[in-house]
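> here is a sequence together with a model predicted from it:
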Number of protein chains: 2
Amino acid sequence: MSSDALAELSAQLPGDALLVGADAVEAYRRDRALDPTAGVPLAVALPRTTAEVQAVVRWAAAHGIPIVPRGAGTGLSGGASAVDGGIVLSTERMRDLRIDRTTRTATVQPGLLNAELKAAAAAEGLWYPPDPASYEICSIGGNIATNAGGLCCVKYGVTVDYVLGLEVVLADGRALRLGGPLIKDVAGLSLTKLFVGSEGTLGVITEITLRLLPAAPAPRIVAAWFASIEAAAAAIAEISTTIRPSLLEYMDRTCIDAVEDLLGRGLDRDAAALVLGGSDDLDPDGRDVAFMIDAFRRHGACEVAETGRAEGEALAAARRAAIPAVERRGRLLLSDVGVPLPRLGDLIAGVDAISRDREVTIAMLAHAGDGNTHPLVVFDPTDAVAAERAELAYGEIMSLAISLGGTISGEHGVGRMKRPWLREQIGDDALEIAERIKLALDPDGILNPGAIFEAR
Amino acid sequence: MSSDALAELSAQLPGDALLVGADAVEAYRRDRALDPTAGVPLAVALPRTTAEVQAVVRWAAAHGIPIVPRGAGTGLSGGASAVDGGIVLSTERMRDLRIDRTTRTATVQPGLLNAELKAAAAAEGLWYPPDPASYEICSIGGNIATNAGGLCCVKYGVTVDYVLGLEVVLADGRALRLGGPLIKDVAGLSLTKLFVGSEGTLGVITEITLRLLPAAPAPRIVAAWFASIEAAAAAIAEISTTIRPSLLEYMDRTCIDAVEDLLGRGLDRDAAALVLGGSDDLDPDGRDVAFMIDAFRRHGACEVAETGRAEGEALAAARRAAIPAVERRGRLLLSDVGVPLPRLGDLIAGVDAISRDREVTIAMLAHAGDGNTHPLVVFDPTDAVAAERAELAYGEIMSLAISLGGTISGEHGVGRMKRPWLREQIGDDALEIAERIKLALDPDGILNPGAIFEAR
């Protein structure tokens, strides 16, 4: 790549919108997955407008240069790993937000943080439900790219369920508008839903129209401490197939311990697992809360109690802190495997067995109510043997989930780190059909090459 | 087409699975839209299994013969109009059903009726929410093809929100399996959601795995009678942007009159409009019910009352009977236009103006809470002048919706009848991208040619 070409791009962007040089681009080479194979980009573009994104994409298309779209860099699958000689297109400066009470929607640029949208909605008495544990630091654009989930999704659905409209810059630089502040619209193919979860491989999302709901009541939260992970899994299975909790979360002893080290909340380090169940319906008899308490007890919980509101929120915050807390114990390989609900116990037990067989620490936390778990493989990156065992365990966890009828990713995306296991899960035919769509929309393969699909 | 080719197909199917001859195929030429341009098919295939569907598709692909997939024939946009020289592939004999309580899912063949699934789920204490007004006679496969909505969708979402897995026979005869009884799965592109709403243009759906919910409480229903359609629309706008009703339906005087003629329920024929609002939350104070009553009164309803359960169900049934009731008044052109919620009043008033300008009866009913309306253009098919005025009004209603930022179809699909207006709504770029996907998945254009896309 000649510096002439970069100068040509620079001339089309505001003065501070292009970072070049090894030092400047270093911070944009990896997302939170810390992909060891991440490349070194030519430059980092920091557009503020759709027109500036179009300029970057048109320039890249003309020169055959790959583009890696990037939100807040909190991705956990290497979807935003830079590629050698490519451009990282960061949406961090695209943060406009407009709330329309009359349509009960928000229209935002992709760089806006999830927490910023939640706060703006709350100021209008409204609510944007999807709540990744990283909601304070992750961007809406990244949430769209991965179809992010979260804690309340067990009742309120995932990101795609709230996306009514998109603006997408295509591989040829056109800005495509899809949908709008309409609740129902089936005219033509569901392109909006196809772009959600496509991890930047089909286009660059530049604007999103999201459905908002009236604020929900605060949930009543029950905390149950178990001496056995099997007992906890059995209680979860019964609850999640009987009632409709607004939250049903799991963390094991390794997580409890790490969170306690980080936050010092007085969690019980002797417990094998903590399960949090929430209910936000308006039932004055609290039937679902009573059902959860009873189910936890019948399945042998050592201690079960409905929490006060402050304590419940503190426990949910402890759950959300689990990944950063465990991260302090070493380098992580973050899994995001999901299984059909009745197989959750088998998955938890199987991961435990992998941990013992490979002699590697695996902390287990889960959005248990929808069968989506995050086994965190922890290792010392300076110990090559340990790193290899961790890599093996990481792959075995995905193969285990697939063998249980599950998925390699419930909400983080495939990115680059899980791509080697995608075919094993979805099969040759589904991968071939997805590749046809990728080829139809990005014939030159410049959009996020290596994410989901092998780079061409 | 030689009779040799048909004999070749016949040899691959059970003895009674192929209907040939003008008389036998007549009943399969049109769906409920009564498309006047429907063609005459070569034959009608009635497979029972995925393998039989594959045999039909492989045979059609080999001979370049178009296939029109058909569910129960209740479509309202001509999505199942037969094409000359093609095959109608009816799924009416594919009715297997399996409910799995442990995953809280149903796995069904496409010909199963929506009502049959609801009943089977209810027998297990479970609930399949999507409820098209035609739920007693429409099939799940057709619901998937059009991403059907219904009355409860204002709170519980539409068909796509319940689809966890699909089996689809592709244009080359391969059977593709997507997803399964997993609540969260983001591995690879969202192919499942792309096939939902694709109206048989990308593949033939042969099996569906659907999420079920615990049975919901019966809603409390408020009925409000208005002397002015503007007042009714204003009340709806306030309710739908403030609370979250489980039902918010509208019907005008023409519908009320037609339903009263058909069912004799004692509806008030003098009212300009009837609005039904429902709430199924568990609030013992009934705040949402009280809010609706208050909003209806403040906006000038003549009569407002919470109904008893039997009366509420009778009124909802009256609403569901509106299309068949109005159908007795003449031939219908069924619209399905939607707009952003604050434009609902403009849409209703604009349709009223079209009715007056074109001197044609247009009955108006609506899933008002999500801005989705069904203006029914009624005309005497033996009167050529009236038929032409009706056609003009039908098109003007779609152009009006588009001018208000809306859609030509909220839940019925584009089919063949609305295809001429699709480009006006979604634009050249979105249509071109959709066509690329269609070309990628059905390169020879044998799957439902003329629906959504122009036949190649």
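Yes, it's here. Numbers count the residues shown, from 1 in each chain, chains lettered A, B, ... in the order given.
> alpha carbons only for contacts and neighbour counts from here, please
OK.
> neighbours around whatever residue of the stretch 351-456 of chain A ends up closest to chain B, how many?
Here the residue of the stretch 351-456 of chain A nearest chain B is A:Gly410; by Cα to the nearest Cα that distance is 4.3 Å. Neighbourhood size, A:Gly410 [other Cα atoms under 10 Å in any protein chain shown]: 29.
> worst-scoring helix or strand of chain A, pLDDT-wise?
Within chain A, no helix or strand scores below helix A:3-10, which has a mean of 91 by mean pLDDT, DSSP states H and E.
> for the stretch 201-350 of chain A, what lies in contact range of chain B?
A:213-214, A:241-244, A:281-284, A:338-342 (Cα under 8 Å from any Cα of the partner chain).
> care to break chain A down by domain?
A:3-90, A:97-214, A:217-319 (automatic domain parsing).
> of all those, which lies closest to B:Thr206?
Of all these, domain A:97-214 sits nearest to B:Thr206, with 19.1 Å by Cα to Cα.
> nearest residue to A:Leu19 other than its sequence neighbours?
A:Val44 (4.9 Å; Cα to Cα, 6 or more residues apart in numbering or on different chains).
> need the winner for burial among the domains of chain A.
domain A:97-214 (a mean of 23; mean count of other Cα atoms under 10 Å in any protein chain shown).
> that older thread, and the residue of the stretch 351-456 of chain A closest to chain B, what is it in contact with?
A:Gly149, A:Asp336, A:Val337, A:Gly338, A:Asn372, A:Thr373, B:Lys184, B:Asp185, B:Val186, B:Ala187 (Cα atoms under 8 Å, 6 or more residues apart in numbering or on different chains).
> out of these, who's nearest A:Tyr156?
Closest to A:Tyr156, out of all of the contacts of A:Gly410 and judged by Cα to Cα, is A:Gly149, at 9.8 Å.
> contacts only, for the residue lying closest to the closest one once chain neighbours are set aside.
Excluding the flanking residues, the one nearest A:Gly149 by Cα to Cα, 6+ apart is A:Val158, at 4.8 Å. Residues in contact with A:Val158 (Cα under 8 Å, 6+ apart) are A:Pro130, A:Asn147, A:Ala148, A:Gly149, A:Gly150.
> in a markdown table, list the residues you listed along with secondary structure.
What follows is these, written out as a markdown table (DSSP: H, G, I helix; E, B strand; the rest coil):
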| residue | secondary structure |
| --- | --- |
| A:Pro130 | coil |
| A:Asn147 | coil |
| A:Ala148 | coil |
| A:Gly149 | coil |
| A:Gly150 | coil |
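> tell me the one of those nearest B:Glu311?
A:Pro130 (37.6 Å).
> correct me, but that closest one touches A:Cys152?
Yes - using Cα atoms under 8 Å, A:Pro130 is in contact with A:Cys152, at 6.8 Å.
> helix/strand/coil for the residue of the stretch 51-200 of chain A found nearest chain B?
Closest approach between the stretch 51-200 of chain A and chain B, counting by Cα to the nearest Cα: A:Asp185, at 4.3 Å. The local conformation at A:Asp185, judged by three-state DSSP, is coil.
> okay, it: pLDDT?
A:Asp185 is assigned 96 on the pLDDT scale.
> who are the contact partners of it?
Applying Cα under 8 Å, 6+ apart, the residues contacting A:Asp185 are A:Gly179, B:Gly338, B:Thr407, B:Ile408, B:Ser409, B:Gly410, B:Glu411.
> any of those residues buried? List them.
A:Gly179, B:Gly338, B:Thr407, B:Ile408, B:Ser409, B:Gly410, B:Glu411 (16 or more other Cα atoms under 10 Å in any protein chain shown).
> now, those that are in helices?
Among the buried ones among the contacts of A:Asp185, no member falls in helices (DSSP state H).
> which pair of the residues you listed spans the longest distance?
A:Gly179 and B:Glu411 (14.2 Å).
> surely A:Ile446 touches A:Gly64?
Yes - A:Ile446 is within contact range of A:Gly64, at 6.7 Å (criterion: Cα under 8 Å).
> tally of neighbours for the closest residue to A:Ala171 other than its chain neighbours?
Spatial nearest neighbour of A:Ala171, excluding adjacent residues (Cα to Cα, 6+ apart): A:Asp442 at 5.5 Å. As a burial measure, A:Asp442 scores 18 neighbours (other Cα under 10 Å).
> pLDDT wise, what is A:Asp442 at?
The model's pLDDT for A:Asp442 equals 98.
> mind listing the strands for the stretch 201-350 of chain A?
Applying DSSP state E, counting those that start in this stretch to the stretch 201-350 of chain A gives strands spanning A:204-211, A:213-214, A:220-226, A:247-252, A:273-279, A:303-306, A:331-334.
> TSV please, covering these and showing mean pLDDT.
Below are the strands of the stretch 201-350 of chain A laid out as TSV (pLDDT from 0 to 100):
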stretch	mean pLDDT
strand A:204-211	98
strand A:213-214	96
strand A:220-226	98
strand A:247-252	97
strand A:273-279	98
strand A:303-306	96
strand A:331-334	96
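> wait, which of those strands is closest to B:Gly415?
strand A:204-211 (26.6 Å).
> distance from that closest one to the middle of the chain?
Centre-to-centre, strand A:204-211 and its host chain are 17 Å apart (Cα atoms, centre = their mean, to the nearest Å).
> and it, what does it pack onto?
Helices and strands touching strand A:204-211, by 3 or more Cα pairs under 8 Å, 6 or more residues apart in numbering or on different chains; DSSP states H and E, are strand A:105-108, helix A:140-146, strand A:163-169.
> do that again at 10 Å, thanks
helix A:50-63, strand A:67-70, strand A:97-100, strand A:105-108, helix A:140-146, strand A:163-169, strand A:175-179 (3 or more Cα pairs under 10 Å, 6 or more residues apart in numbering or on different chains; DSSP states H and E).
> report the angle between it and strand A:163-169.
160 degrees (axes from the mean of the first three to the mean of the last three Cα atoms, to 10 degrees).
> quick one, strand A:204-211 and strand A:175-179 angle?
Using the same axes, to 10 degrees: strand A:204-211 against strand A:175-179 is 20 degrees.
> strand partners (parallel or antiparallel) of strand A:204-211?
strand A:105-108 (antiparallel), strand A:163-169 (antiparallel) (DSSP bridges).
> quick one: mean pLDDT for stretch A:336-355?
97.
> what do you get for stretch A:138-151?
Mean predicted confidence for stretch A:138-151 is 97.
> need the helices for the stretch 201-350 of chain A, in chain order.
A:229-240, A:253-263, A:287-298, A:309-320, A:322-327, A:344-357 (DSSP state H, counting those that start in this stretch).
> average pLDDT for the fourth one?
Spelled out, that is helix A:309-320. Per-residue scores along helix A:309-320 average to 94.
> pLDDT weak spots in chain A?
Within chain A, the stretches with pLDDT under 70 are A:1-2.
> show me what the least confident helix or strand of chain A is packed against.
For helix A:3-10, the packing partners by 3+ Cα pairs under 10 Å, 6+ apart are strand A:18-20, strand A:43-45, helix A:50-63.
> spit out the contact partners of the residue nearest to A:Ala171.
A:Asp442 is in contact with A:Ala61, A:Leu170, A:Ala171, A:Asp172, A:Thr201, A:Leu202, A:Gly203, A:Arg436, counting by Cα atoms under 10 Å, 6 or more residues apart in numbering or on different chains.
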